[in-house]
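J.: turn this into a model:
(one chain, ligands or ions: 1)
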Amino acid sequence: MIIKRQVQEAYKNFDKSKDGRLQRREVREFVKKTLGVLHETEKFTEEKFSTIFRALDTNNNGVLSKKELKEMVKKMISTTS
Ligand SMILES: [Ca+2]
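T.: Numbering: from 1, shown residues only. From the prediction side, this is the model:
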């Protein structure tokens with residue numbers, strides 16, 4: 001399943017602290033890289049990221065769990081395909 005694979009890849013590549021949660025800056029790298037592939041011409045601003053991150057960090061603790069990241073990947077796929 002593509003979502004599961006994306007999430008696993010994201011953690012493998014971006015969870016630098018290897019604690020199973022993505023810090024804000026780790027999420028930014030992931031989103032930037034992923035959106036950079038999907039929307040090469042679109043500029044990805046900090047403001048835009050903040051909006052996305054707030055929406056994704058559903059329990060508002062400043063990090064994304066795998067569950068939260070999975071939701072994000074789902075949304076990203078549904079809005080770009
Ligand atoms: Ca969270």
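
J.: what bits of this protein have low per-residue confidence?
T.: 1, 35-44, 76-77, 79-81 (pLDDT under 70).

J.: near the ion, which residues of it? Just list them.
T.: 57, 59, 61 (Cβ under 5 Å from the ion). No exception for glycine: its C-beta is placed from N, CA and C like everyone else's.

J.: SS state for T58?
T.: Under DSSP: H, G, I helix; E, B strand; the rest coil, T58 falls in the coil class.

J.: got the contact list for it?
T.: 68, 71 (Cβ atoms under 8 Å, 6 or more residues apart in numbering).

J.: what about the strands in the chain?
T.: 22-23, 63-64 (DSSP state E).

J.: list of residues touching the first one?
T.: Outside strand 22-23, the residues that touch it by Cβ under 8 Å, 6+ apart are 10-11, 14-17, 30, 62-64, 69.

J.: 10 Å instead?
T.: Contact with strand 22-23 is made by 10-11, 14-17, 28-30, 56-57, 62-66, 68-69, 72, as judged by Cβ atoms under 10 Å, 6 or more residues apart in numbering.

J.: what pairs with that strand, parallel or antiparallel?
T.: strand 63-64 (antiparallel) (DSSP bridges).

J.: re earlier: filter the residues of the chain next to the ion to the buried ones?
T.: D57 (16 or more other Cβ atoms under 10 Å).

J.: just send the residues of the chain next to the ion back as JSON lines, with distance to Q23 too.
T.: Converted to JSON lines, the residues of the chain next to the ion look like this (distance: Cβ to Cβ, whole Å):
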{"residue": "D57", "distance to Q23": "11"}
{"residue": "N59", "distance to Q23": "15"}
{"residue": "N61", "distance to Q23": "11"}
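
J.: in helices only, show me the contacts of strand 22-23.
T.: 10-11, 14, 28-30, 56, 66, 68-69, 72 (DSSP state H).

J.: nearest to the ion, of these?
T.: E68 (5.2 Å; Cβ to the ion).
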